[in-house]
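Peer 1: predicted model follows, preceded by the sequence.
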Amino acid sequence: MDRMEVVRADDDRDTYYINMGPQHPSTHGVLRLRLHLDGERIIDAEPIIGYGHRAHEKMAENRDYLQFLPNTSRVDYLSGMIYNLAYCQAIEKALEIEVPERAEYIRIIAGELNRISSHLLWLGTFLLDLGGITPFLYCFDDREKILDILDSVTGSRLTYCYGRFGGVTMDVDETFLENTAAFCTYFHKRLVEYDKLVIGNVIFQERTKGVGIFAPEIAARYAVTGPCLRALGQARDVRKDEPYGIYERFDFAVPTCEKGDCFDRSIVRMEEMRQSLAIIEQALRDIPSGPVMAAKVPKRIRPPEGEYHFGVESARGHFGIYIVSDGSDIPFRMKLRTPSFAHISTMPEVLVGTMLADTVAILGSIDIVIPEIDR
Amino acid sequence: MSPNFVEIFGNPWLAILVAMSAIIGYLTLNALMLIWLERKLSARIQRRMGPTEVGPYGLLQTVADMGKLISKELLTPEHVQKPLYLAAPVLVFAPVVALCSLFPVSPSWVFHDYNIALVLLLAISGTNVLGIFIAGWGSNNKYAVLGAVRSVAQNIAYEIPLILAVIPVVMTARTLSLYGITEAQSAFPYILVQPLAAIIFLIAATAETNRAPFDIPEAESELVAGFHTEYSGMRFGMFFFAEYSNMVIACGLATVLFLGGWKGPLLPGFVWFFIKVYALIVLMMWFRWTFPRLRFDQLMKFAWVVLVPLAIVNLLVTTIVLKLI
């Protein structure tokens, strides 16, 4: 049979395929979506991933525990601090290292600052996907302030390697604390402005309400976590459910919405930034003085034989580190459970029936980070 | 009757040549300055500096950019339909030049006062979409075709409220001549008696010129660059020029219909005309840098469910009121 005939026999000729990515303005990196379209309506969507694969998990099996530390902040480069600290905490749990109080507080402040910066980048790029260019620059302007604050203590702006097993590399100074406090005061006002400029905008609401709803059943099946799950009305947050570090000392709410559409996800993230600010303010108030590194940390990191798991709430959802140790100073296996991978997996079901313009809105609203999917 | 441009030059061909050259020169300068203005304005809105390096206040930045566009090799991708691909930029730009000649800029500055100038203007501006569609279709690119299809649907949908908003003005002024409509606004501009029509006209004109928040034919986050995805160099520059020239046409028409054209105290007529036109253009730029983009179906819904009924109601009310007076 002729090859063309085969294609035409089972292919509806009124429909067509479109490759969104790997080079496309709104796939946030090297994601490729193969969309099957009928006019502007999507009848099938398939995310094709792996363009940014760096084999972090395999790299972990070839270097000792400390050498893997810089990798962690490169898994999700937007919440590098949270990932970095999560890895440290996982090892500390395995080795039963006591972290000094001051270091715990610094970790909270740094982690929450990182969460706000990640959410700010989401807000900006989300609006950019929807065609609003101005909020993007506002968000980056504010994000820059956070990066400057973190830069002043960690020495880097994006891929911080700030945590160490048993504490943090460097103590923070008074300037850092003052700058952070000043940022909190400033950012409260900015959040009100964002609410007016973005959330209150009629066109924004038109574009996001009722779009990209994660059915609870889909969310459960694909293990959707983080703001995407909370937008569905389930108040699940690792910081509350299985408090790690010293999170149980802080008073903060877990914001939820009901419908789970793009608009609800936006509301949840906006509210989360407020909660993060509240946590930072409490931490700034209570931070004690003292050492920032544990006195007794073994020279060679050798977790006893066994399996260790540590989960944290990253900016995007539940991030889990699963380490299998054979007692040597190199992990036998390290599994990184990243939220974006679960979220992108839902796309074939969530995108079907939506319009092409909704695709970018949905992709933007679930806040995917491609290196985290590929890791 | 207004002074006639043709009579001043004697020879009609000479008059046309001079007028066309002047218009093309003006449009080029206008596009360069508007692009600069848009960059500066967007920068100010976004708390940035905008262009500062080339020339005073970055004024020559767009000139440098045009130099770059002109000096670029004119690439023709292999998979395009060549006649259509090559014709499209010309088809987009050509109507604009013709349209500019219709505006009465000041009492003595009229190329020719056609008694049906308004109909002619709306008819010619309707052909703009043809160029865009040919560009998208001839490019043989899925994103470009999608952009072209959107553009056609959008332009047809918004032409209806646009014309429905123009009719009450014509009824009040009792003439289709742009000169006559301006003269009829000697006492007060029509925006005072037709505020709704003015708003509908401005929204529809923004959509007609494919400006944000109605820029879905070239929505970069969905369609890469829409209908001009495959164009580069000065061919892309032509689309760019046409966009800014179309803004002048749309805002010029709004000025004539609703803001009283050249009418105004103290300053000479043409100064008033341009002040009004550029004030409207700044307003359109402000829209663009404030709002996100509508979705395609919402855009169509807005035209058919909101604008068209409103325009019809406005038309009916105007008819009744005119009958009663």
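Peer 2: Okay, I see it. Residues are numbered from 1 along each chain as shown, chains lettered A, B, ... in the order given.
Peer 1: can we go C-alpha only for contacts and neighbour counts from here?
Peer 2: OK.
Peer 1: in space, what's closest to the residue in chain A positioned nearest to chain B - neighbours in sequence excluded?
Peer 2: Going by CA to the nearest CA, chain B is nearest to residue A:132 of chain A, at 3.9 Å. Of all residues not flanking residue A:132 in the chain, residue B:292 sits nearest, at 3.9 Å (CA to CA, 6 or more residues apart in numbering or on different chains).
Peer 1: contacting residues for the residue of chain A closest to chain B?
Peer 2: Residues near residue A:132 by CA atoms under 8 Å, 6 or more residues apart in numbering or on different chains: B:289, B:290, B:291, B:292, B:293.
Peer 1: that's a helix at it, yeah?
Peer 2: No - going by DSSP: H, G, I helix; E, B strand; the rest coil, the assignment for residue A:132 is coil, not a helix.
Peer 1: how close does it sit to residue B:52?
Peer 2: 24 Å (CA to CA, to the nearest Å).
Peer 1: again with residue A:287
Peer 2: Distance from residue A:287 to residue B:52, by CA to CA: 45 Å.
Peer 1: which one's more surrounded, these two?
Peer 2: Set residue A:287 next to residue B:52 and count neighbours by other CA atoms under 10 Å in any protein chain shown: residue A:287 wins out with 16 against 13.
Peer 1: would you confirm that that one contacts residue A:103?
Peer 2: No - Residue A:287 lies out of contact with residue A:103 (CA atoms under 8 Å); the separation is 9.2 Å.
Peer 1: joint contacts of those two?
Peer 2: By CA under 8 Å, 6+ apart, no residue touches both residue A:287 and residue A:103.
Peer 1: find the nearest non-adjacent residue to the residue of the stretch 51-200 of chain B found nearest chain A, please.
Peer 2: Closest residue of the stretch 51-200 of chain B to chain A, CA to the nearest CA: residue B:142 (7.2 Å). Setting aside the residues directly before and after it, residue B:142 is nearest to residue A:18 in space (CA to CA, 6+ apart), at 7.2 Å.
Peer 1: so which bits of the helix or strand harbouring residue B:33 are buried?
Peer 2: Using DSSP states H and E, residue B:33 sits in helix B:12-45. Applying a neighbour-count criterion of 16 or more other CA atoms under 10 Å in any protein chain shown, one finds B:15-16, B:19-20, B:23-24, B:27-28, B:30-43, B:45 buried in helix B:12-45.
Peer 1: wait, does it make contact with chain A?
Peer 2: Yes - Helix B:12-45 comes into contact with chain A (CA under 8 Å from any CA of the partner chain), by way of B:42, B:45.
Peer 1: list of residues touching the next helix or strand after that helix?
Peer 2: Toward the C-terminal end, the helix or strand that comes next after helix B:12-45 (DSSP H and E) is helix B:61-71. With contacts defined as CA under 8 Å, 6+ apart, helix B:61-71 is touched by B:32, B:33, B:35, B:36, B:51, B:53, B:54, B:55, B:233, B:234, B:237.
Peer 1: chain A contacts on chain B?
Peer 2: Taking CA under 8 Å from any CA as the criterion, chain B approaches chain A at residues B:42, B:45-47, B:142, B:213, B:219-222, B:224, B:289-296, B:298.
Peer 1: now which of those would you call buried?
Peer 2: Among these, those scoring as buried are B:42, B:45-46, B:142, B:213, B:219-222, B:224, B:289-296 (criterion: 16+ other CA under 10 Å).
Peer 1: so of the residues you listed, which ones are in strands?
Peer 2: If you go by DSSP state E, those have nothing in strands.
Peer 1: ok, the residue of the stretch 201-325 of chain B found nearest chain A - contacts?
Peer 2: Relative to chain A, the nearest point of the stretch 201-325 of chain B is residue B:292 (3.9 Å; CA to the nearest CA). Counting by CA under 8 Å, 6+ apart, residue B:292 makes contact with A:127, A:128, A:130, A:131, A:132, A:133, A:203, A:204, B:212, B:213.
Peer 1: and which of those residues is nearest residue A:274?
Peer 2: Comparing those against residue A:274 with CA to CA picks out residue A:127 as the nearest, at 19.3 Å.
Peer 1: does that closest one count as helix, strand or coil?
Peer 2: Under three-state DSSP, residue A:127 comes out as helix.
Peer 1: my guess is it meets residue A:137, correct?
Peer 2: No - judged on CA under 8 Å, residue A:127 makes no contact with residue A:137 at a distance of 10.3 Å.
Peer 1: looking at the two, which one has more neighbours?
Peer 2: More crowded of residue A:127 and residue A:137, by other CA under 10 Å: residue A:127, with 23 against 19.
Peer 1: what about that one, distance to residue B:204?
Peer 2: Here the criterion is CA to CA. By it, residue A:127 lies 24 Å from residue B:204.
Peer 1: coming back round to it: next, format the contacts of residue A:132 as CSV and append pLDDT.
Peer 2: Listed next are these as CSV, based on pLDDT from 0 to 100:
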residue, pLDDT
B:289, 84
B:290, 82
B:291, 82
B:292, 82
B:293, 82
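Peer 1: give the rounded mean pLDDT of the helix or strand where residue A:117 lies.
Peer 2: Using DSSP H and E, residue A:117 falls within helix A:101-129. For helix A:101-129, mean pLDDT is 90.
Peer 1: neighbours of residue A:235, how many?
Peer 2: 18.
Peer 1: and it, what does it touch?
Peer 2: By CA under 8 Å, 6+ apart, the contact set of residue A:235 is A:229, A:254, A:255, A:256.
Peer 1: pick the one among those closest to residue A:55.
Peer 2: The closest of these to residue A:55 turns out to be residue A:229 (CA to CA; 27.7 Å).
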